[in-house]
Every structure is written in C-alpha cells, then in structure tokens.
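*Asks:* From the sequence below, what's the structure:
(chains A and B)
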Number of protein chains: 2
Amino acid sequence: MQRERSAASAPGGALHELETPALVLDLHRMERNIARLRDRLAGFGVALRPHLKTAKSVDVARRLYPDAPGPITVSTLAEAEYFAGHGFSDITYAVGLAPGKAARALRLRGQGIDLKVVLDTVDQARALAAGGAALGVTPAALIEIDSDGHRGGLVPGDPAIGEVAAALRAGGVTLAGVLTHAGESYGLRTPQALAEAAEGERAAAVAAAEQLRALSHACPVVSVGSTPTAHFARNLDGVTEVRAGVYVFFDLVMHGIGVCGLDDIAASVLATVIGRKPEKGWILVDAGWMALSRDRGTASQAVDQRYGLVCDLEGRPYPDLLVAEASQEHGILAIRAGSGERLPDLPIGARVRILPNHACATAAQHEAYHVVRGASPDVAARWPRMRGW
Amino acid sequence: MQRERSAASAPGGALHELETPALVLDLHRMERNIARLRDRLAGFGVALRPHLKTAKSVDVARRLYPDAPGPITVSTLAEAEYFAGHGFSDITYAVGLAPGKAARALRLRGQGIDLKVVLDTVDQARALAAGGAALGVTPAALIEIDSDGHRGGLVPGDPAIGEVAAALRAGGVTLAGVLTHAGESYGLRTPQALAEAAEGERAAAVAAAEQLRALSHACPVVSVGSTPTAHFARNLDGVTEVRAGVYVFFDLVMHGIGVCGLDDIAASVLATVIGRKPEKGWILVDAGWMALSRDRGTASQAVDQRYGLVCDLEGRPYPDLLVAEASQEHGILAIRAGSGERLPDLPIGARVRILPNHACATAAQHEAYHVVRGASPDVAARWPRMRGW
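*Replies:* Residues are numbered from 1 along each chain as shown, chains lettered A, B, ... in the order given. The predicted structure is shown next:
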C-alpha cells in the first residue's frame, strides 16, 4: 500500500497568535507519556497495541511508530481505512462488529491489511464468514471477553465462547484470540484497586484463552487493556498484548484516578477572555462545550473539575480556576467552590489553556492539533485529525 | 458575492443501508417546526433571526430562506464566513467579540456583508474601532444586555451601557442596538414561568434601548431570544427581532421544558445493534458518545433521558427505552429504571433511531445530515455540515 504524506504543516506563529479556541498538544509531555508506558510494558515482555481512537492522527501515530505497520487499535472502520492508507497494516478494530460492516472490514483484508475484528455472538461469526466467502478472503476475529461486567463480551466459562469459536471455524474464519477491556477501572482510584482490576482483566482473558485451547483452538492473541490497568498491572503472565489509548495525552479523569500528574496532560484548549463579571466572580472565554466537549468525567470523582482546569499560556494551572459552566461557544471561568483562591486578573483579550476532563472527547471537537514543545509559545506544527465513521 | 452551490447530494438508498452511526434529519418535522415559529412571530409583527449554530448547514438555511440574505445569527466567525459565502449578508455574530477577532470580522464587512458583532466593554469597543480604522470600514455593534444573570452582558441601568455606546461613537462604530438572551429559560418548565422569562428578556432589552435613546443613541435593533422564550412570549412590544436556534430540530431538553412534542424532534442518530446482554437487560449499539455527544441536558430535568430516547426506524419511540450508558463507540440500551416496560426484541444487526438530549451538540458530532421525509425509509439527500472556528 502507498504510504501517503499527511497534511501536517509547520504554520509558524505562536500561541498568542492562533485563532481561538484551538487544540494545543505539548509534544514534550506526549513523548514522555509514550515512553513511560512503552518502557513499562517492555519490562513485562508484552507487546503494546496503542488505541488510536484518542489521537486519530497519523502524526501522533508516527511518534508511536516511526515506521509503520503497527500494531494499533482503532474504534471505527474509518480509522482503520485512514491508518491503513498511511502504511499501518496490523490493526485491531475493537468494537463489536455490526454484521453490515463485515464487507467493508474485509475489503481492507483483501488489500493486505491484517485487520482483526471483534465479536461475541454466533450471528456475528456467521455474518463475518459469509462476507469472507463472498469476497474470497479469510477473515480474522477476536472473541470479546467480559472481565468486569462493564459492557459487551462473554464471561470466561460461558459455553458460548466455544460456540462462537466453532462457528468461526465452520465458516473458515481465523480465530486470532481473545480480547477484553477493564472499563470499570475508570471508576477506581487507588493503586491497589487498579492492580486488582488489572489482575481481573488478565485472569479473565487468560481463562477464556485456556477454555478455547482446551477445545483445540490455537488462540494466539490474549489482548487486555485500558490506560489505568496498563499502568498498574503487576503481572501479565499469559497476556500477549496490552491496549491503551488516552495515555498518549492523559487528562483530568486519568489524573483523578491517579494515573498521571497534571503536568503530564499533553492536550489543552487555548481560549481568549471575552468578558468579565467580577461581581459574580466570573471571567468569560471563547471556549464553550463546542471546544471542550460536554464530557464531565470528573463529576463522579473525588475532585470535580467541572469543564476543565485553567492554565496560563505555559501550561501552569491557576490554583482552583475552573471552567465552571459552558454553553456552546462560551465558557465561564470561576474559582472552585469552597476554595480561598482569588480570581486572577485576566483582562479582555488575555489567553489561557484549559486541561480537559477527557482527552478523547475534547480532541474530537477539533480539526487539528497545534503542536508546541513544553513551555515554548512557538507552534511547531499543525497536525490534522480524522473523524467520522 | 458569488452564490455557491452546496455539496448537498441525493445519495439514494435507505435508512437500512446507511453506514451507522449516522445523523438523520426528518424534513417534514423540520419544516413544521420552522413554520410554527415563523407564523407565531408574524402574529407579533416581529422579525425572526434564526440562529444557525444548531444547523451549520446552508441546506437547512435555505429552508428558512429560499432566497438569502437572511437575517441570521451565528456563533463563530467561521459560520459567518460560510454563510456569507452562500449569499447570506445580514448576519449577527452573537458571541462577545475577542479583540483579536475584530480584523477578521471586519474583513467580512469590507466585502459588503452586514456583519454585526456583540460586546459589552469599552475595551472591546476600542479594539473594534481600531480595527475599523485600520481597514477603512465602519464596524457595527450590538451591546450585550444581561436579562437574567445567565452569562455575559450589562444589566439595564448600568452606566457602563452608556460608556460603551460613547466609546463606539467616539471610535466611529455604528451602534446597531442591543441584544440579550434569556439563557436561564432552559431551566424552566411551565408555560407561566416561560412567559415570565420572556417578559423579563423583553423588558431588559427595551429598558436598555431606552437608556441608550435617552443618551441620544438611535438603537434601532432590540434583539431578544431563546427557543423557549420565543415560543412562550405573550408580549413583544418594543422588540424588533427574535433569535432562536434549536427550534428548527428540537430535542429532548426542549421536550422536557415543554416547548415541543417528542414527534416534533427532527434530528436523530441511526444506530445498529452489535450485542445483547439479556441477563443484564442490555442491548449494545454502535452509537456511543462520539455519535450522540456527551450532552446530558435532561439530567437536571424532571425526566432524565440519559443519552437519548430510542425509536424504531420510522421514528416512533420504544416505551422507556433509553441509551442508558455511552462509551466512545458503544451505547448501552436499557429500559428506564423503575419502568415496567420490557426490553424489545432487537436482534444483532437491527437498527434504531435515537432522539438526542441536545440537537446542537449531537449534530456537531457529524459531517452531514441524511434527510428523510416522515416515516419513509428513503434517504432523499445528504446535507453537509460545517464546523470549526
């Protein structure tokens, strides 16, 4: 497949010149985050398959893999096609397969992309097999395992695991292995609880793999992962690969869980002050939910960061200054309730950077990253994002 | 200005053939919503200036105005430029002006677009005046009035209103009038309370206009509006125009306020069943928060619709079937807590349509509308949306 050039460009300019609101990415922080998990998992001898649903950018992907082909994880077929078009060929599409999407997924396989799909029912297995037969390609599938009751998948020991595997075999589909995701780990916040969640994820995946092997299926891949469990797992015996996504940027939810520090958060939204209501303790900025997203992931955590934590242009937080409310294109900055801090003196036209609750959701509101390096105000590059399905 | 053709196209096909998730727009419902408010305000003899931040589509705008030039309202300069490029020339940019955006706004004025900006400080007035002088164009501004403490603006009677007007006059800026928005009306739910909110909005705008006229400023425009107050105002004396946006599509928040029926909601998200957990009462679909948005506007209403109300392909709600939880590309359908309804029998591959909490936020997650007419499954057109700033 042709390796295309991305549309990344070096715009020059600086943070005080960009149109606002704008998505800013600190390359130094991102590279540190990438190295941290890469080095951690290398210590376990386990492969890392980053989930690119957070970044949706080939320029970010190249910081993970200067040379394709992966392995990577994606959340949509549009992502699979986009990254395949940029030279990535080892791709897991980690959302349960809608039968109507089988043909589109298999066209990528027909182009030489090792695209593995995920499923947990005999109906999906049969649809995939039929699609493979129609297109003359051999599909590859992972069976989704439910390790914590969070979402989809089959519980280890459920005879349906064997039934799905049998349907795959009968239909000429390669059973690549098993995959699970400890989604409940996002609700935890102590190292001990996170280590236990990681062990639960590992144990479920390994048990399902053993169940399949006992039925004489090979099950080469045992795939687990979430950003919290990937950073707190103490034992990965039997696991062949770990998936994680948001760790590349981190965010306030991950900080609330205890996975990162505030100064690890690489994505922020640049905004300009457009109004002041000192009698109410408010500063208005031109970043509302359209720029920040409606994600309020910290609302259920010990520290609620409202719509985001406000920093200066160099990325240093103002103490307890939050985006307290958001409408479509307005954010209202205010000091956290109960705090003794005072509203900083930010005049009309001043600029701030806002750390997001959830980097996946906030980044999705933007067309591109404006890349800076640490505290430097210079915008080194503009990296476009893809979107859609 | 050249009137461009939009990229709207007639894709053929039907709802059961579209890639999912997809944004669906019922043209019959939308046209009914448009006619309802148009006819209501015509009865008052007041102009309507629709807010196109919801639709962000020239094809929708043409259903409001088969012939440009407006009047319209926008929330970003990118919207102003987009609609100006499609022949709209009477545009109010209804977000407080960042000083750094003055030059970009004024370039549109230099192209013959009657773009009016909104401000409430002397600093903004001076930045606008300086921009006008630099570009050799006469800016036009509306002073933002605070009618309910919701966000920005000056309270009627505040001497700052006269000071801003004086700064505009001194700088050679045309004072077009005053503008207010009763944002607190979204928290109400009785006709009486909404009528009172509308009266408060009217009274504040008229009082501010009278304050300016007493200072010998002309103040020709008295602009009020929100979808709830526009539909419940009983008196618009002194008002010259009403702004409203989400009424074109309506949504579950507006239904919860009492502004529309469920069968008025014109925007929905098409999704496919990808999993089932009958033991938990769950059905999994391929529409998560990326397709629905993270907006949970009904969470603070009497009836919490979680991430949306689930309908069949013809747009009829399944009783009490909600998108109970959402991750990036997964939605979990479940019966509303406490309901006696039973989970419908939706097999893998079945399709549903999900009514959104907040149409502005949900539509923003999509590239285009797939247009249907009432219960017909035929997709009559694909209307692209614009985005960004």
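*Asks:* okay but residue A:37 is in contact with residue A:243, surely?
*Replies:* No - judged on Cβ atoms under 8 Å, residue A:37 makes no contact with residue A:243 at a distance of 10.9 Å. C-betas here are computed from N, CA, C, even on glycine.
*Asks:* Between the two, which has more neighbouring residues?
*Replies:* For residue A:37 versus residue A:243, the count of surrounding residues by other Cβ atoms under 10 Å in any protein chain shown is larger for residue A:243: 24 against 18.
*Asks:* Break down the stretch 51-200 of chain A into its helices, ranges please.
*Replies:* Counting by DSSP state H, counting those that start in this stretch, the stretch 51-200 of chain A has helices at residues A:58-64, A:77-85, A:102-110, A:122-135, A:159-170, A:191-214.
*Asks:* wait, does the fourth one make contact with chain B?
*Replies:* To tie it back to what came earlier, the one meant is helix A:122-135. Yes - counting by Cβ under 8 Å from any Cβ of the partner chain, chain B is contacted by helix A:122-135 at A:123, A:124, A:127.
*Asks:* the inter-axis angle of that helix versus helix A:159-170?
*Replies:* 10 degrees (axes from the mean of the first three to the mean of the last three Cα atoms, to 10 degrees).
*Asks:* and residue A:13, what pLDDT?
*Replies:* With respect to pLDDT, residue A:13 scores 81.
*Asks:* Please read the previous query as pertaining to residue A:277.
*Replies:* Per-residue confidence (pLDDT) for residue A:277: 93.
*Asks:* what do residue A:37 and residue A:243 both touch?
*Replies:* Counting by Cβ atoms under 8 Å, 6 or more residues apart in numbering or on different chains, the contacts common to residue A:37 and residue A:243 are A:48, A:230.
*Asks:* how long is stretch A:305-314 from one end to the other?
*Replies:* Start and end residues of stretch A:305-314 are separated by 20 Å (Cα to Cα, to the nearest Å).
*Asks:* ok, and what's touching it?
*Replies:* By Cβ under 8 Å, 6+ apart, stretch A:305-314 touches A:15-16, A:252, A:256, A:262, A:268-269, A:289, A:292, A:296, A:298, A:317-318, A:321-326, A:331, A:333, A:336, A:351-357, A:375, A:377.
*Asks:* try 6 Å
*Replies:* A:15, A:252, A:292, A:298, A:317-318, A:321-324, A:326, A:333, A:351-356, A:375 (Cβ atoms under 6 Å, 6 or more residues apart in numbering or on different chains).
*Asks:* cool, stretch A:172-182 as well?
*Replies:* Outside stretch A:172-182, the residues within contact range by Cβ under 6 Å, 6+ apart are A:116, A:118, A:128-129, A:138-145, A:147-148, A:165, A:168, A:197, A:201, A:204-205, A:208-209, A:217, A:219-224, A:226, A:229.
*Asks:* of the residues you listed, buried ones?
*Replies:* For the contacts of stretch A:172-182, a neighbour count by 16 or more other Cβ atoms under 10 Å in any protein chain shown gives the buried set as A:116, A:118, A:128-129, A:139-145, A:147-148, A:165, A:168, A:197, A:201, A:204-205, A:208-209, A:217, A:219, A:221-224, A:226, A:229.
*Asks:* Chain A - how does it break down into domains?
*Replies:* According to automatic domain parsing, chain A comprises the domains A:89-244, A:262-384.
*Asks:* Dump the ones you listed into CSV; add distance to residue B:158 as well.
*Replies:* Listed next are the domains of chain A as CSV, based on distance: least, Cβ to Cβ, whole Å:
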stretch, distance to residue B:158
domain A:89-244, 46
domain A:262-384, 10
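*Asks:* Which among the ones you listed is found nearest to residue B:366?
*Replies:* With distances scored as Cβ to Cβ, the stretch of the domains of chain A nearest to residue B:366 is domain A:262-384 (11.5 Å).
*Asks:* How far does that closest one stretch from one end to the other?
*Replies:* 25 Å.
*Asks:* do the same with stretch A:378-389
*Replies:* 33 Å.
*Asks:* quick one: that stretch to chain centroid distance?
*Replies:* Averaged C-alpha coordinates place stretch A:378-389 at 16 Å from its chain's average position (Cα atoms, centre = their mean, to the nearest Å).
*Asks:* how about it: buried residues?
*Replies:* Neighbour-count burial for stretch A:378-389 flags A:379, A:381, A:382, A:383, A:384, A:385, A:386, A:387, A:388, A:389 (criterion: 16+ other Cβ under 10 Å).
*Asks:* I'd guessed the second one sits against residue A:371; true?
*Replies:* In this case it means residue A:381. Yes - between residue A:381 and residue A:371 there is a contact under Cβ atoms under 6 Å: 4.3 Å.
*Asks:* which intervals of the stretch 1-150 of chain A have sub-threshold pLDDT?
*Replies:* Scanning the stretch 1-150 of chain A with the threshold set as pLDDT under 70 gives A:1-12.
*Asks:* who in it is up against chain B?
*Replies:* A:19, A:53, A:75, A:95, A:96, A:98, A:99, A:121, A:123 (Cβ under 6 Å from any Cβ of the partner chain).
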